[in-house]
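Student: Quick one, structure for this:
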Amino acid sequence: MIKINVDRYYSTILLLILLFAFVSRVFLLHKPVTYIFDEVYHAATAKLMARNDPRAFEWWNPPPEPDTAVDWLHPPLAKYTQAFFIYTLGENAFSWRFSSALFGTAIIWLTALLAKELFENKALSLLAALLAAFDGLLLVMSRIAMNDIHVAFFILLTLLFYFKHLKLIKYGRRQYQFSKWLLLTGVAGGLATATKWSGVFALLITGLIEAVILSKFYLTKKNFQKNVGVAMLNLAKIAASLVVVPAFIYLLSYAQMFWQGKDLTHLIEMHNQTWRYQINLEATHPAQSKPWQWFLNLKPVWIAVERQASDKEGNIYAVGNPLLFWLGAATILWTLGDLLVKKGKTKGGLPLLYLLAVYLAVWLPWQFSPRIMFFYHYTPAVPLLCIILAYWLWQMWIEKKRPLVKKISLVAVVLIAVNFAIWYPHWTNIAVSPDFADSVYFIIKSWKN
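Tutor: As a prediction, the model looks like this:
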């Protein structure tokens, strides 16, 4: 949002943003040195995978370590990456969290790429990446050995590939054209689903859009009968890309289990056990929340606490950057209102419509989940929220008739950065006084679990 030659220095500026994101994620990554929150499941299981221990895929064993349990409830892909660094760097807190730090940094990169692909604007792309780098939920989930930051990465990759395919159809062809980008969409969607079942949300929304597009190209034609063969062929290609390929990748993600001698029957029974556990779970948790609370940043998750001095305490709270979240929520509502007033048309065109659709698709389905939910389930939606916010801030910045609007956009970005600096200790276990925490971090009652 400053007058510089963005085209010339785009790569350099993006690299600096990524460097900032990486450093903020690895700083004091090894603290606490013990398991925090759900690392008692994920990291403990990744250790077993690093040792090629069959218990990683068995649900009937006692805890592998005191106060832990095997995570057989989620697909294994994220735990493989954690296991790789445990195997290469040793069994310590830094190694089992380092995978999340890398994927969390890569999310900032994908945010920039997706924004640039959507709006063909490098300055907007950098702004979106910067906003994502300033967020607290993305930061915290990049500093803990869980699978949420990994699935967010693969969901974002799925959406990036699919929009490349969508642009080809919308802008480049009069007839429906199958492309390599749709196949890559299926690959990325398969990797997302092999990380966490919620990764399927990205495949569902892309499949729905494809169905609408295919019907538009063929079902509305007067000469439908002449095109039915082509339509069926394209439908088969879409099904192969968005169903068969992801299913194969999902199955392949259990390669270590098969290598250990277990068969498909074991895999089916493990999924049966998982499904029964998820739908019958009646447990409650002080940090559980509803999707509408995620939108408003009202119910964070208390990850860890560590008393570091007689009068100070370090906490890790998975909570979003307040100003970023609230401004982002306002731009979501503004976008929806703009669409209603203009009857589905908006200045942002297809890119903004696509962005809003996928933003809603990756978190609203949680509303129908039979089990308890947590704020970190909102993680995949945050990069999309940052792009939408960046779009409207950029529209304000290029406003020529109202200079005050231009200044407000700059002030908003500066204040989001200031918020990041103020809240960074609360996200990274840096000790502060209880009085400061109560007056800033817990000023809203629901922020303290």
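
Student: count of neighbours near Phe20?
Tutor: Phe20 is flanked by 16 other residues according to other C-beta atoms under 10 Å. C-beta coordinates here come from the backbone N, C-alpha and C atoms, glycine included.

Student: Lys216 too?
Tutor: Applying other C-beta under 10 Å, we find 12 other residues in the vicinity of Lys216.

Student: That one should be in a helix, yeah?
Tutor: Yes: the assignment for Lys216, made by DSSP: H, G, I helix; E, B strand; the rest coil, places it in a helix.

Student: Now do the same contact list for it.
Tutor: Residues in contact with Lys216 (C-beta atoms under 8 Å, 6 or more residues apart in numbering): none are found.

Student: quick one, phi/psi of Asn92?
Tutor: Its backbone dihedrals place Asn92 at phi -150, psi 170, with angles given as degrees, to the nearest 10.

Student: Could you list the low-pLDDT ranges of this structure?
Tutor: Counting by pLDDT under 70, the chain shows low-confidence ranges at 1-4, 170-176, 218-227, 308-310, 343-346, 400.

Student: separation between Trp60 and Ala43?
Tutor: Counting by C-beta to C-beta, to the nearest Å, the gap from Trp60 to Ala43 is 21 Å.

Student: So for these two, which residue has more residues nearby?
Tutor: For Trp60 versus Ala43, the count of surrounding residues by other C-beta under 10 Å is larger for Ala43: 26 against 8.

Student: Which secondary structure elements does the helix or strand hosting the more buried one sit against?
Tutor: In this structure, Ala43 sits in helix 39-50 according to DSSP states H and E. Contacts of helix 39-50 with other secondary structure elements, assessed using 3 or more C-beta pairs under 8 Å, 6 or more residues apart in numbering; DSSP states H and E, are made with helix 77-89, helix 93-119.

Student: out of those helices, deepest packed?
Tutor: Between these, the one whose residues have the most neighbours on average, counting mean count of other C-beta atoms under 10 Å, is helix 93-119 (a mean of 24).

Student: got the angle for that helix vs helix 39-50?
Tutor: Here helix 93-119 runs at 100 degrees with respect to helix 39-50, directions being taken by axes from the mean of the first three to the mean of the last three C-alpha atoms, to 10 degrees.

Student: Who are the packing partners of helix 93-119?
Tutor: Packed against helix 93-119 by the contact rule (3+ C-beta pairs under 8 Å, 6+ apart) you find helix 6-26, helix 39-50, helix 77-89, helix 122-133, helix 136-141, helix 148-172, helix 349-361, helix 381-397.

Student: Helix 77-89 and the second one, what's the angle between them?
Tutor: It stands for helix 39-50. Compare the direction of helix 39-50 with that of helix 77-89 by the same axes, to 10 degrees and you get 70 degrees.

Student: Start from the N-terminal end of the stretch 251-400 of the chain and give the strands.
Tutor: Taking DSSP state E, counting those that start in this stretch, the strands of the stretch 251-400 of the chain run over residues 301-309, 312-318.

Student: any chance of those strands in TSV, with distance to Leu28 too?
Tutor: Formatted as TSV, the entries for the strands of the stretch 251-400 of the chain read as follows, by distance: least, C-beta to C-beta, whole Å:
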stretch	distance to Leu28
strand 301-309	11
strand 312-318	9
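
Student: Lys237 is nearest to which of those?
Tutor: Between Lys237 and these, the shortest separation by C-beta to C-beta is 40.3 Å, and it involves strand 312-318.

Student: Pull out the buried residues from the closest one.
Tutor: Using 16 or more other C-beta atoms under 10 Å as the test for burial, strand 312-318 gives Gly314, Asn315, Ile316, Tyr317, Ala318.

Student: picking up where we left off before, turn the helices and strands packed on helix 39-50 into a markdown table, including distance to Ala417.
Tutor: Putting the helices and strands packed on helix 39-50 into a markdown table (distance: least, C-beta to C-beta, whole Å) gives the following:
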| stretch | distance to Ala417 |
| --- | --- |
| helix 77-89 | 30 |
| helix 93-119 | 15 |
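
Student: For Leu14, find the nearest of those helices.
Tutor: With distances scored as C-beta to C-beta, the stretch of these nearest to Leu14 is helix 93-119 (5.6 Å).

Student: Give me the angle between that closest one and helix 6-26.
Tutor: Taking the same axes, to 10 degrees, one finds that helix 93-119 is oriented at 150 degrees with respect to helix 6-26.

Student: angle of helix 93-119 against helix 122-133?
Tutor: Using the same axes, to 10 degrees, the direction of helix 93-119 lies 150 degrees away from that of helix 122-133.

Student: tell me the angle of helix 93-119 relative to helix 381-397?
Tutor: Using the same axes, to 10 degrees, the direction of helix 93-119 lies 40 degrees away from that of helix 381-397.

Student: what's the closest residue to Glu91 other than its chain neighbours in contact with, if anything?
Tutor: Taking C-beta to C-beta, 6 or more residues apart in numbering, and ignoring the residues beside it in sequence, Glu91 has Lys47 as its nearest neighbour in space, at 5.9 Å. Contact analysis of Lys47 by C-beta under 8 Å, 6+ apart lists Pro64, Ala83, Ile86, Glu91, Trp96.

Student: Columns distance to Leu364 on top of those residues, output as a markdown table?
Tutor: A markdown table is the format used below for those (distance: C-beta to C-beta, whole Å):
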| residue | distance to Leu364 |
| --- | --- |
| Pro64 | 36 |
| Ala83 | 33 |
| Ile86 | 35 |
| Glu91 | 39 |
| Trp96 | 32 |
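
Student: which among the residues you listed gets closest to Leu183?
Tutor: Closest to Leu183 out of the contacts of Lys47 is Ala83 (28.4 Å), distances taken as C-beta to C-beta.
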